[in-house]
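Trainee: Need a 3D model of the sequence below.
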Amino acid sequence: RSQPSLISETMADMSPALMWQCVRNGNCFLVKRNGVQLTSEPGNLANKNSFKYSGLANEKAIDISIDDSSEEPKLAMGLKAPKRKNQPKQNVRVTPLKKDFRRVAHAISSQTSGQWYRADLTDMALARWTALHRLAMVKKGLKKKSKAKTGRRKFAE
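Mentor: Now for the predicted structure:
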């Protein structure tokens, strides 16, 4: 008779705060530059290494991402499912974002704040969607790349 695996049981019972304490200083997504800790983990909209934005430690996380592997960039929204936290492959429900800008923005806000799923991240998800939608339009050749603002503008008096 085989004994159940202790690793899967402890991971399922681990609180998000304890999980954050385990991964906050050492994970493969962590980038430390100039005294600032950033992260590139999926589900982290702000790319900041903090518990609030962590896609690894939180039971509920939102991910707006772009797939550049094909000719035409594809955008998708991923929502982490708390019930499947010990099934990593099925943990994230991915929804393709194919409609026009307004419909997708409405879908993002209704999926986040409309269903009480991390309403605090709605504005960040919409900002990420706006930036990635603009990038997709530039890659398709439908829009021009926006100019970056450089320094202060000096006003001639």
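Trainee: Please export the C-alpha coordinates of the longest helix seen in the chain as CSV.
Mentor: Of all segments of type helix in the chain, defined using DSSP state H, the longest is helix 122-140. Output of helix 122-140 as CSV, limited to C-alpha atoms (Å, rounded to 0.1, in the frame of the first residue of the first chain):
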residue,chain,number,x,y,z
THR,A,122,-9.2,46.1,-12.6
ASP,A,123,-7.5,49.4,-13.4
MET,A,124,-4.1,47.7,-13.8
ALA,A,125,-5.6,45.0,-16.0
LEU,A,126,-7.2,47.6,-18.2
ALA,A,127,-4.0,49.6,-18.4
ARG,A,128,-2.1,46.4,-19.4
TRP,A,129,-4.8,45.6,-22.0
THR,A,130,-4.5,49.1,-23.5
ALA,A,131,-0.7,48.9,-23.8
LEU,A,132,-0.7,45.4,-25.3
HIS,A,133,-3.6,46.2,-27.7
ARG,A,134,-1.6,49.2,-28.9
LEU,A,135,1.5,47.0,-29.4
ALA,A,136,-0.5,44.5,-31.3
MET,A,137,-1.8,47.2,-33.6
VAL,A,138,1.7,48.5,-34.2
LYS,A,139,2.9,45.0,-35.1
LYS,A,140,0.0,44.6,-37.5
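Trainee: now the strands for this protein?
Mentor: Using DSSP state E, the strands of the chain run over residues 30-33, 36-39, 62-67, 74-80, 92-96.
Trainee: what packs against the first one?
Mentor: If I follow you right, that is strand 30-33. Contacts defined by 3 or more Cβ pairs under 8 Å, 6 or more residues apart in numbering; DSSP states H and E place strand 30-33 against strand 36-39. For the C-beta atoms, the positions are set from N, CA and C on the backbone; glycine is no exception.
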